Each structure stands twice: as structure tokens, then as C-alpha cells.
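Chemist: Provide a 3D model corresponding to the input given below.
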Amino acid sequence: MGSTRVDLLVRGGTVYDGSGADGFVADVAVRDGRIVSVGEFGGNARRVIDADGLAVAPGFIDPHTHLDPQLFWDPYGLPIVLHGVTTVMTGNCGVSLAPCASDSSDAVARIFYQVEEVPIETLTESLPWSWVDFEQYVAALRGRLGINCAPLVGHCAIRQYVMGPDCMTREATEAEIEQMREVLRASLRAGAFGFSTSQSKFHVADGGRPIPSRVASGHEVERLCDVLAEEGRGLIQADGGIEYAKRDEWLMQVIGPLAERTGRTVVAGTVFVSPYLPNKWRDILAALEVLHGKGLPVYLQANPVHMDVFFTLDNAVHFNEFPTWLRTSQLSFEERMQAYASPEIRAAMQAEAVDDPSEARLWNDIKVYKVGNPSLRGLEGQSIEAIARSRGVRVIDAILDVGLADDLNTQFVELGVMNGDQSAVAELLTSDMTIVGASDAGAHVKSFCGFGDTSLLLGKWVRETGELTLPQAIRRLTSDQARVLGIPDRGTLGTGYAADIVVFDPTTVAWHTPRLVQDIPAAGERLWRDATGVQHVVVNGTLVVEDGQVTGKLPGHLVAAST
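Modeler: Model (predicted):
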């Protein structure tokens, strides 16, 4: 390019362009937020990054986050950008912060709190709530982002906006469905990347009631999704149907027809390896294969994490599948303490979660992680099953007795909630019918840490196990995401593409055990995962992470969907 001057030059790294091809040593030149050259560059640059010995890749894309609130007090979604993520999708699972009627912010916040476990104080006290419609919401975000955001509009928010409190209790009338359709249409035109909904039984609101999207009829869901077809734009995100055991049937009976009806891509929840249904993932992939054979653009998310879930008896969302646990979780603290001591409540919990062979948890894998009461310290590391055996009591008595003796402060951990079979997970991660995602970053702030899945894929699944090659893993985090989701001009290091770039050391990138930090406004602690190996991150041509530290620059864009 002769004496051409560019804004930024990433010099001498091994470039993995996102296509899955082998890496090659090259310079990446950037001007005005776009890549203008990939190859040998002989011109001048205002800023040079020396990438010798490092990998240079497109910025990673995370398709399933709940960073909607966090981006208002933390424009980088930390620590996600430190793990190389430059674009996040928000508003998943039918839950978004907009639209929101002027008198409904508390209702919208409570749904977000109940479903995604973001503390209610954080949501009510720390968000500006300066918007009513999606256009105003987008305006509130614009100019304050350190990373790119593709915001979905959630079914629950639309229902709340149109129906008010009735959204929790009944199906919509035809007139209300028409109103919702117009709200969705306006949201798409204002910048919503697509539409999300959920029918998952784990998604409950106050009092254990289903969230608004679960109250909707199938007809309502179809008519809303029709809007995306009419507009010729946008992604449909659904959250897996009512339960995992029936996900293959749901794909065939609900999602396939929806994709055929609308012609839009549907990302239909997560496929994982369940310790309770160890072969269900095969049935789900088989259903996907049938849909793909019909040319229907239906995809599931595959997660690289062998997941452990932390919980207390004061907040055990992942036990919501059990009716008695769910009802008890909605009580006040004092009422919950009394319920946990009740013989009748204990008998019901034992029957649901221990004695029923089709539903029982693996109690040997549920352990005491951390206690508050010093007299209980000897229990740390022991399984509930072992404690029950040593005390000569039922499993349910063991966990509830420990919790009550610690004023419900005991932190338990359920090990291997999903993805214990490495070979099966590798098949899911490499399938062309899945995208790598389902991090849930920004949600469940003390139950598990959804940050850093990109580092896990590059560290464990590439370097340690060799299940994926480095070019393959980078493709899965970049161009595959952009293609399936419909994100234009990203996911590839090529001339004319947006300059989202991550520079990392493939020999050191790693996924670490999360730690508690105290940085959430108005609410205290959350789980955080440190990043190793990611040196520099560029968003739209601007350096946002330099030597592993954020720079304070805010070049993030709101990403529009391709048609």
C-alpha cells in the first residue's frame, strides 16, 4: 500500500481470519474503523501493535448474554471483553429492559430479577429507566458502549407494555396481539436485532407464576414472529420449550413449523449432555438434522462448560422444576425458615427431588461449598448424601438442617450439572447445526459465572484436549456466529470488515475458577472469572483492551441485523 497512512496496524502476528483456514503471518491495517489490508503492509500507522508470536483473530461473538443492565454501569461488560469478546447479544429468553411503560419499570425489573438473578436493588436503583419505547432505549445506550451490542426485544417486555399486570394471568385478545405486533415492528425498525421468547418451566416470576411469555398462546407467538417475516429482518430466539426431556419433540412440533412459516433463523435454546438424560442430546441433534434436511434455519447453542452451579437455600433457582421448592422460594425469609422446618414440606421435597427416580438429583454431586457458621466448617467439601448417611437422616433433612443452622447462608455447589461426557460435548461443539454460546454472561450473578467461555474453548478444548484445532475454534467463535445470527461485516478478518480484533497467546489463554468480587451497584457480590492470555482487543478500530487492561475508550456500536 506504499506510503498509505492508517490509524492502527497489528503487525507480524499469526492471522486466523475466521474462515477455519490455517493461520498465516501478516499485518492487519485499520482505517476509520474498518480493515483496509491483511498482508504485508509498508505504510505508516498512527498506532502499532506488535503481535509477533501471538494469534490475531476476529473479535469473538457471544450470542447469549444478559448484559442488558450491566452495560449501563459498565460499558465493557467486564470481564467479557478481557476474554476477547467484542460483540454480545442481549435481551435473550424473552426478557429485555424495553419497551417499558413509565409506570412499569418495577414490574420489568422484577421479571429480570426473578429469571436472571440480577439483584433487584441493582435494577431499580442503578438503571436510568429513561426510556419507554425501544427507540428511546437504543438512544440511551448509544455512545456509551465499549463493545458492540445486538439487542433483542423480549416477549415479556412487549406483553407487559401492552397488557399491564394482565400479562401475567391470561392470554391476549386479538386486539392486544395486534398492538404487540406493532410494538415489535416499531422495535425492529428502531434497532432491535430480533425477538426473543421463552416457555421454559424454570422461568418464573413473583409467587412462582409463569413469566408473561409463558402465558401466551401459540397463536400469539406465531403472530409476533410473523412480524419478522413481514419486515424481512431479525432473529428469533426461543429458550428450549418447557423442559429438556421434550426438546426434540418441541423442535419438530413448534420450532420447525415456526421457521418454515416465517423464513427467519431460529436459535432454539441449548443442547447439552445431561447427567439425568445422558442420551437426550442425540435425540435433539437427530431432530435438528431432520429440520436442516428440509432447509430450515434452526440452530441450537452448544456450551463448552462442564458446569457447576452454586446456590443457597435462600436462592435456588435451578430447583424451580420442583413444585414445592418453587412455592417455598417465593416466601419471605422468615416464612421460608419455617417451611424448611415443616415435616410436611420436607416430605413433599423428599418425594419430588429424592425419591422420584425420573426427577431425582444426584445428591452425591451436591456438596457443601462454604458455610457462614463456624461450627459447620467441618462439613465443607462433603456431599449431602454423605452428610445424610453419617447423621442417619434423609437427604432432604440433611440439606435443610445444614441450611437452617446457617440462617440459609450456606453455599452449596452442584457438580457437573451438564456436559460431563467430553466426547459428546466435542461433537456438540463442532456440529454445523449448533453455534457456540449459552454463556448467560451477566445473569445468575452468584450461581455460576458465565464469563470466559471463549477462553475455555481456546484453552481446554484446543490446547489441552485437542478436540478442536485453533483455526476451527476461532471460526466457531467468529464467522460461524456472524453467519448464523445474521451479523453483517463482522466475524472475519478481511478487507472492508469492521475492525473487531483480538490478539492473544494460544499457549497461555486459560479459563480460571471464578472468584467473588464486590462491584455490583447497590447490591454487592458477584462471580468473576479472570482472563489470561488475551493481550489486546480492538473494537471498531479502537483499542479497548491494551496489555490486558481496559483503555476507557467507548467505540462500541449497536449492531443491526442483516436482512
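
Chemist: for the protein, which spans come out with low pLDDT?
Modeler: 1-3 (pLDDT under 70).

Chemist: tell me, which strand in the chain spans the most residues?
Modeler: Scanning the chain for the longest strand, with DSSP state E as the assignment, gives strand 5-15.

Chemist: And that strand, what does it pack against?
Modeler: strand 24-31, strand 34-39, strand 44-50, strand 55-58, strand 501-504, strand 534-539 (3 or more CB pairs under 8 Å, 6 or more residues apart in numbering; DSSP states H and E). Heads up, the C-betas are built off the backbone N, CA and C, glycines and all.

Chemist: Now mean neighbour count too, for those, in TSV please.
Modeler: Conversion of the helices and strands packed on strand 5-15 to TSV gives the following (neighbours: other CB atoms under 10 Å):
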stretch	mean neighbour count
strand 24-31	21
strand 34-39	19
strand 44-50	16
strand 55-58	28
strand 501-504	27
strand 534-539	26
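
Chemist: Dump these into CSV; add distance to residue 155 as well.
Modeler: Shown next, in CSV, are those (distance: least, CB to CB, whole Å):
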stretch, distance to residue 155
strand 24-31, 39
strand 34-39, 35
strand 44-50, 42
strand 55-58, 31
strand 501-504, 33
strand 534-539, 30
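
Chemist: Those: which one's closest to residue 162?
Modeler: Residue 162 lies closest to strand 534-539 among the helices and strands packed on strand 5-15, at 35.5 Å (CB to CB).

Chemist: who does the closest one touch, helix- and strand-wise?
Modeler: In terms of contacts (3+ CB pairs under 8 Å, 6+ apart), strand 534-539 is packed against strand 5-15, strand 85-90, strand 501-504, strand 542-546.

Chemist: ok, the nearest residue to residue 185 once chain neighbours are set aside to residue 155 distance?
Modeler: Spatially, and ignoring its direct neighbours in sequence, residue 185 is nearest to residue 227 (5.2 Å; CB to CB, 6 or more residues apart in numbering). From residue 227 across to residue 155, the span is 12 Å (CB to CB, to the nearest Å).

Chemist: Same drill for those two, tell me which one is more crowded.
Modeler: Neighbours were counted for residue 227 and for residue 155 using other CB atoms under 10 Å; residue 155 has more, 33 against 22.

Chemist: doesn't residue 224 make contact with the more buried one?
Modeler: Yes. If you go by CB atoms under 8 Å, residue 155 and residue 224 touch, sitting 7.0 Å apart.

Chemist: that older thread, shared neighbours of residue 227 and residue 155, anything?
Modeler: Taking CB atoms under 8 Å, 6 or more residues apart in numbering as the contact rule, residue 227 and residue 155 both touch residue 195.

Chemist: Identify the contacts common to residue 155 and residue 224.
Modeler: The contact lists of residue 155 and residue 224 share 195, 197, where a contact means CB under 8 Å, 6+ apart.

Chemist: Strand partners (parallel or antiparallel) of the longest strand of the chain?
Modeler: As defined by DSSP bridges, the strand partners of strand 5-15 come to strand 24-31 (antiparallel), strand 44-50 (parallel), strand 55-58 (parallel).

Chemist: who touches residue 108 in this structure?
Modeler: Contacts of residue 108 (CB under 8 Å, 6+ apart): 97, 100, 156, 157, 160.

Chemist: Now render those residues as TSV, adding distance to residue 150, secondary structure and neighbour count.
Modeler: Output for those, formatted as TSV (distance: CB to CB, whole Å; DSSP: H, G, I helix; E, B strand; the rest coil; neighbours: other CB atoms under 10 Å):
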residue	distance to residue 150	secondary structure	neighbour count
97	15	coil	27
100	19	coil	25
156	19	helix	29
157	16	helix	31
160	22	helix	23
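
Chemist: does residue 314 really touch residue 410, like I thought?
Modeler: No. With contacts counted by CB under 8 Å, residue 314 stays clear of residue 410, the gap being 9.3 Å.

Chemist: Look at these two and report which has more neighbours.
Modeler: Comparing residue 314 with residue 410 by other CB under 10 Å, the one with more neighbours is residue 410, at 24 against 14.
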